[in-house]
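In: just coords:
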Ligand SMILES: Nc1nc2c([nH]c(=O)n2[C@H]2C[C@H](O)[C@@H](COP(=O)(O)OP(=O)(O)OP(=O)(O)O)O2)c(=O)[nH]1
């Protein structure tokens, strides 16, 4: 006697291609923006203004990758939308897994180093943030910010790797 084969569930969509339904994890991209590629001294941090659950917490500028978008493409778009600047992206901040850093909601975030593409450009808090801060990499300032909790290990890696961010592997 043959038993009926249970229908297999459809494979889960990849985080980069799942629909924008809010239910599935999406890939998030973040920017570790340094003041200088060769000799960085400061990092840009952004304070969330929304949603209410994240308001007041600090993060890396960025956001969700749209379906069909590449990670770097999405990050450059987010930089234009949120900060009003063009960014030159560098390598990816070393993450524990290729999929990126785990966030609280099961999403993953890939973080890239970057510097401003145009000399004299000034990032502005245009969307999602009410405050931007260029913080010294040396000293306790960056660590003492009230970061989104999932960002803490990323912050540690950014502080560890900033000095060689654009030169490592060359
Ligand atoms: N941008 C950013 N998001 C982060 C960080 N850490 C962290 O847990 N997240 C979370 C917060 C959000 O749940 C999610 C990113 O969503 P978002 O609201 O920034 O995305 P978005 O700009 O595309 O906004 P929306 O179109 O969905 O409104 O990832 C971080 O350092 N930067």
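Out: That came in fine, so what should we check first? Just so we're clear, the structure is a prediction, and the values are computed from it rather than from any experiment. Numbers count the residues shown, from 1 in each chain.
In: just the pLDDT for residue 16.
Out: In the predicted model, residue 16 carries a pLDDT score of 39.
In: actually residue 106, not the one I wrote
Out: Predicted confidence (pLDDT) at residue 106: the value is 90.
In: try the one 10 residues further on
Out: Residue 116 is assigned a predicted lDDT (pLDDT) of 98.
In: whichever residue of the chain sits closest to the ligand: neighbouring residues, count only.
Out: Relative to the ligand, the nearest point of the chain is residue 63 (2.5 Å; Cβ to the nearest ligand atom). All C-beta atoms are positioned from the backbone trio N, CA, C, and that covers glycine. Neighbour count for residue 63, taken as other Cβ atoms under 10 Å: 21.
In: which non-adjacent residue is nearest it?
Out: When the adjacent residues along the chain are set aside, residue 63 lies closest to residue 78, with 4.5 Å between them (Cβ to Cβ, 6 or more residues apart in numbering).
In: OK, contacts around the one you found?
Out: Remark: with contacts taken as Cβ atoms under 8 Å, 6 or more residues apart in numbering, residue 78 is in contact with 29, 31, 61, 62, 63.
In: looking at this, residue 157 is in a helix?
Out: Yes. Remark: residue 157 belongs to a helix, assigned using DSSP: H, G, I helix; E, B strand; the rest coil.
In: now do the same contact list for it.
Out: Going by Cβ under 8 Å, 6+ apart, the list of residues near residue 157 reads 93, 94, 95.
In: around the ligand, which positions in this protein sit nearby?
Out: Within reach of the ligand by Cβ under 6 Å from any ligand atom, the chain has these residues: 28, 30, 54, 59-60, 62-64, 103-105, 107, 109, 128, 148, 150-151.
In: go through these and flag which are in strands.
Out: Secondary structure assignment (DSSP state E) places 28, 30, 59, 62, 63, 64, 109 from the residues of the chain next to the ligand within strands.
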